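Participant: The amino acid sequence is not available; the structure is as follows:
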């Protein structure tokens, strides 16, 4: 069954709309994890802060990912502002990530898909490739992106450098902790955000891996409903569990390879 046939068979367009409550959740999901992680780090409890930092990184990834697909329920300015703020906090140009992610959907797992390069590697190869992955997405965006992307990437990179300069100049230790954890998170993106959901799917790139175990999806904030996302990228993350149910009811024959 083709992607277009699946789009016609599954009711999904109503899932694009967010209630006010859902919009508030998607746009503020990062805040408690960020505040708790920095508070613990401020008082020197770095080990205790680690899981909260990890959840901040994961929820920020969810937030910007929805922003890529205009699924935050906000206007263009607020969506761009969200991408900018998360760029500084996550220490990567999120517009560079967006440019490559949109290409990833268009050219999934082909030579033109720079985001997806690690999908055909071994798991440990994808981890080692992480720093190259982060460098490459910035390079590709500055080479191939239009003026909008190039301007935003440069603005975000300058803002990140200013942020880092202030932190290390004034030796703000709890923010130095945050910087270290975010850099580690970014270096693991080629593994967690690409390899886990796309390895061994090259024969059918549109049919990514997915995760249907309830507690695992709660723990990962529904970020591993990747089959569902690739088939229906306009559906916000908060609606993916419902979308998964609809796909199972209408198309139970679709193979669902698990992420982990």
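Facilitator: Nice, thanks for sending it over. What you see is a predicted model; the values in this text were computed from it and never measured.

Participant: Which secondary structure elements does the strand or helix carrying residue 244 sit against?
Facilitator: In the assignment (DSSP states H and E), residue 244 maps to helix 240-250. For helix 240-250, the elements it packs on are helix 226-231, judged by 3 or more Cβ pairs under 8 Å, 6 or more residues apart in numbering; DSSP states H and E. The way it works is simple: take the backbone N, C-alpha and C, and place the C-beta from them, glycine included.

Participant: chain center to the helix it packs on: distance?
Facilitator: Helix 226-231 has its C-alpha centroid displaced from the chain centroid by 13 Å (Cα atoms, centre = their mean, to the nearest Å).

Participant: just the helices in the stretch 51-200 of the chain please.
Facilitator: For the stretch 51-200 of the chain, the helices defined by DSSP state H, counting those that start in this stretch occupy 76-90, 94-106, 123-144, 147-169, 173-187, 189, 196-198.

Participant: buried stuff in the third one?
Facilitator: Which is helix 123-144. 126, 127, 129, 130, 133, 134, 136, 137, 138, 140, 141, 142 (16 or more other Cβ atoms under 10 Å).

Participant: which residues are in contact with it?
Facilitator: 92-93, 95-97, 99-100, 114-115, 117-119, 121, 149-150, 153, 157, 186-191, 194-195, 199 (Cβ atoms under 8 Å, 6 or more residues apart in numbering).

Participant: State the distance from residue 122 to residue 142.
Facilitator: To residue 142, residue 122 is 29 Å away according to Cβ to Cβ, to the nearest Å.

Participant: cool, residue 169 as well?
Facilitator: 27 Å.

Participant: Next: residue 224.
Facilitator: 30 Å.

Participant: Now residue 208: closest residue in space, sequence neighbours ignored.
Facilitator: residue 226 (4.2 Å; Cβ to Cβ, 6 or more residues apart in numbering).

Participant: quick one, what contacts the one you found?
Facilitator: 197, 198, 208, 209, 210, 211, 259.

Participant: Make a ChimeraX selection of whichever of these turn out to be buried.
Facilitator: Selecting only the buried entries of the contacts of residue 226 in ChimeraX, with 16+ other Cβ under 10 Å as the criterion:
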select :197,198,208,209,210,211,259
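
Participant: tell me which of the contacts of residue 226 is nearest to residue 249?
Facilitator: residue 210 (15.3 Å; Cβ to Cβ).

Participant: low-scoring stretches of the stretch 1-150 of the chain, by residue?
Facilitator: In the predicted model of the stretch 1-150 of the chain, residues 1 satisfy pLDDT under 70.

Participant: how about the contacts of residue 226, which pair is most distant?
Facilitator: Farthest pair in these, by Cβ to Cβ: 198 and 211, 13.4 Å.

Participant: circling back: out of the helices of the stretch 51-200 of the chain, which is closest to residue 238?
Facilitator: It's helix 76-90; of the helices of the stretch 51-200 of the chain, that one is closest to residue 238 (Cβ to Cβ) at 15.2 Å.

Participant: what comes up buried for the closest one?
Facilitator: So for helix 76-90, counting by 16+ other Cβ under 10 Å, buried means 79, 80, 82, 83, 84, 85, 86, 87, 88, 89, 90.

Participant: could you check the distance from the fifth one over to residue 163?
Facilitator: Same thing as residue 84. As judged by Cβ to Cβ, residue 84 and residue 163 stand 12 Å apart.

Participant: One more: the first one?
Facilitator: Residue 79 sits at a distance of 21 Å from residue 163 (criterion: Cβ to Cβ).
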